[in-house]
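Novice: quick check, what structure comes out for this input:
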Amino acid sequence: MENGGGGKGKGDVPDDANEHCPGTQSEEAGKADACAGCPNQQFAPPPPRAPIPIYVGPSIPKMLGLEGQDIHQSNLGWSPVYVESNLGVMSIGFMLRNPDDAVIWRGPRKNGLIKQFLKDVDSGEIDYLVVDAPPGTSDEHISIVQYLQATGIDGAIIVTTPQQVSLIDVRKEINFCKKVGVPVLGVVENMSGLRQPLSDLRFVKPGEAGETDVTEWALNYIKEKAPELLSDMACSEVFDSSKGGAEKMCHEMGVPFLGKVPMDPQLCKAAEEGRSCFTDQRCSASAPALQSIVKKLIKTE
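Specialist: I've put the predicted structure just below:
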């Protein structure tokens, strides 16, 4: 039977393909041994991304819409709880009988759980492993570095708020990374000013007897006098960043500055309800900033 492509027996095999080419529409396209060095690799569909397991604290299941889920045990170890097919999560929150239970563990027990999360979880082949660590430089950070250093740590992403009280601790965290040989991929300035649509603001009038809500009157007045303002963003610097914030600190310490993420009430609401800010159009103040940071990190691979 003739091949309409004039090639090697399959209509989706290019004429100049390597011997044993599986074809550009095959599930093996771009992955089979015959594809190595083939000039037609750009025509093959990209392979599916492997899961990204995230190891996090007890509050994250709520933020990802995973409350009530359990960790399952297999003959290969613990199985992550999946948000989607390409995003798995491990959290001590999945192990609590009551979500309100406090985790009162000393160092050795905490370190033992970290070791189990990092060594006994069946994550399969993955593209990224993200570990969400608490603030500071404590047992958790030392254990994470100790257990992962042999396999290679790409780096740390450090998150801060703009004011000096926060930056004092962040400087220590940067120096910790330098001492233990963990590259600092960059610093993110979180809560970098309040940003929200003017139409979402609440207006109050102070008085001797307390505050009076005048939101309805104020919005009606704006709608009558300057309706175009209702689609604008209201901005307020909640924290003092007069000394340059995280960006200046990064310049002084020689580490990358990844960007600023504003305080966005809609982002907070999405986290409370377990929704992704990237699929929620209401997170218009924060989602673009987060996407920009992710793109910068991917480029550093």
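Novice: next, the contact list for Pro99, please.
Specialist: Counting by C-beta atoms under 8 Å, 6 or more residues apart in numbering, Pro99 touches 58, 67, 93. All C-beta spots, glycine's among them, are computed from the backbone N, C-alpha and C.
Novice: show me what the helix or strand encompassing Tyr147 is packed up against.
Specialist: Using DSSP states H and E, Tyr147 falls within helix 139-148. Applying 3 or more C-beta pairs under 8 Å, 6 or more residues apart in numbering; DSSP states H and E, one finds that helix 139-148 contacts helix 107-119, helix 164-180.
Novice: is it possible to get CSV of those that adds mean pLDDT?
Specialist: Formatted as CSV, those follow (pLDDT from 0 to 100):
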stretch, mean pLDDT
helix 107-119, 82
helix 164-180, 94
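Novice: mean neighbour count and distance to Leu229 for these - can I get that in JSON lines?
Specialist: Listed next are the helices and strands packed on helix 139-148 as JSON lines, based on neighbours: other C-beta atoms under 10 Å; distance: least, C-beta to C-beta, whole Å:
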{"stretch": "helix 107-119", "mean neighbour count": "15", "distance to Leu229": "49"}
{"stretch": "helix 164-180", "mean neighbour count": "16", "distance to Leu229": "33"}
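Novice: how about these in TSV, adding distance to Asn98?
Specialist: TSV is the format used below for the helices and strands packed on helix 139-148 (distance: least, C-beta to C-beta, whole Å):
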stretch	distance to Asn98
helix 107-119	18
helix 164-180	31
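Novice: which among the ones you listed is found nearest to Asp154?
Specialist: Minimum separation from Asp154 across those (C-beta to C-beta) falls at helix 164-180, 12.0 Å.
Novice: next SSE after that closest one?
Specialist: strand 184-197.
Novice: residues in contact with stretch 57-73?
Specialist: For stretch 57-73, contacts defined as C-beta under 8 Å, 6+ apart pick out 54, 78-81, 83, 89-96, 99, 103, 132, 134, 271-275.
Novice: and for stretch 108-115?
Specialist: With C-beta under 8 Å, 6+ apart as the test, stretch 108-115 has contacts from 92, 105, 139-140, 143-144, 147.
Novice: stretch 215-232 - what's its average pLDDT?
Specialist: Mean pLDDT, computed over stretch 215-232, is 92.
Novice: so for it, what gets flagged as buried?
Specialist: Of the residues in stretch 215-232, 218-219, 222 count as buried by neighbour count, 16 or more other C-beta atoms under 10 Å.
Novice: just the pLDDT for the nearest residue to Val81 once chain neighbours are set aside.
Specialist: Excluding the flanking residues, the one nearest Val81 by C-beta to C-beta, 6 or more residues apart in numbering is Gln69, at 4.6 Å. Listed pLDDT for Gln69 reads 88.
Novice: list the contacts of Ala246.
Specialist: With C-beta under 8 Å, 6+ apart, Ala246 has these contacts: 160, 162, 167, 170, 187-189, 257, 260.
Novice: can you tell me how far it is from Val170?
Specialist: Shown here: Ala246 relative to Val170, a distance of 7 Å by C-beta to C-beta, to the nearest Å.
Novice: what ranges do the strands span in the stretch 151-300 of the chain?
Specialist: 156-160, 184-197, 204-205, 212-213, 233-236, 257-263 (DSSP state E, counting those that start in this stretch).
Novice: same list (those) but as JSON lines, adding distance to Asp120.
Specialist: Converted to JSON lines, these look like this (distance: least, C-beta to C-beta, whole Å):
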{"stretch": "strand 156-160", "distance to Asp120": "23"}
{"stretch": "strand 184-197", "distance to Asp120": "27"}
{"stretch": "strand 204-205", "distance to Asp120": "53"}
{"stretch": "strand 212-213", "distance to Asp120": "54"}
{"stretch": "strand 233-236", "distance to Asp120": "46"}
{"stretch": "strand 257-263", "distance to Asp120": "32"}
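Novice: compare these and give me the one nearest Ile298.
Specialist: Of all the strands of the stretch 151-300 of the chain, strand 184-197 sits nearest to Ile298, with 10.8 Å by C-beta to C-beta.
Novice: what mean pLDDT does the closest one have?
Specialist: Strand 184-197 comes out at a mean pLDDT of 93.
Novice: okay, and the helix or strand of this structure with the least pLDDT?
Specialist: Ranked by mean pLDDT, DSSP states H and E, the weakest helix or strand in the chain is strand 52-56, scoring a mean of 58.
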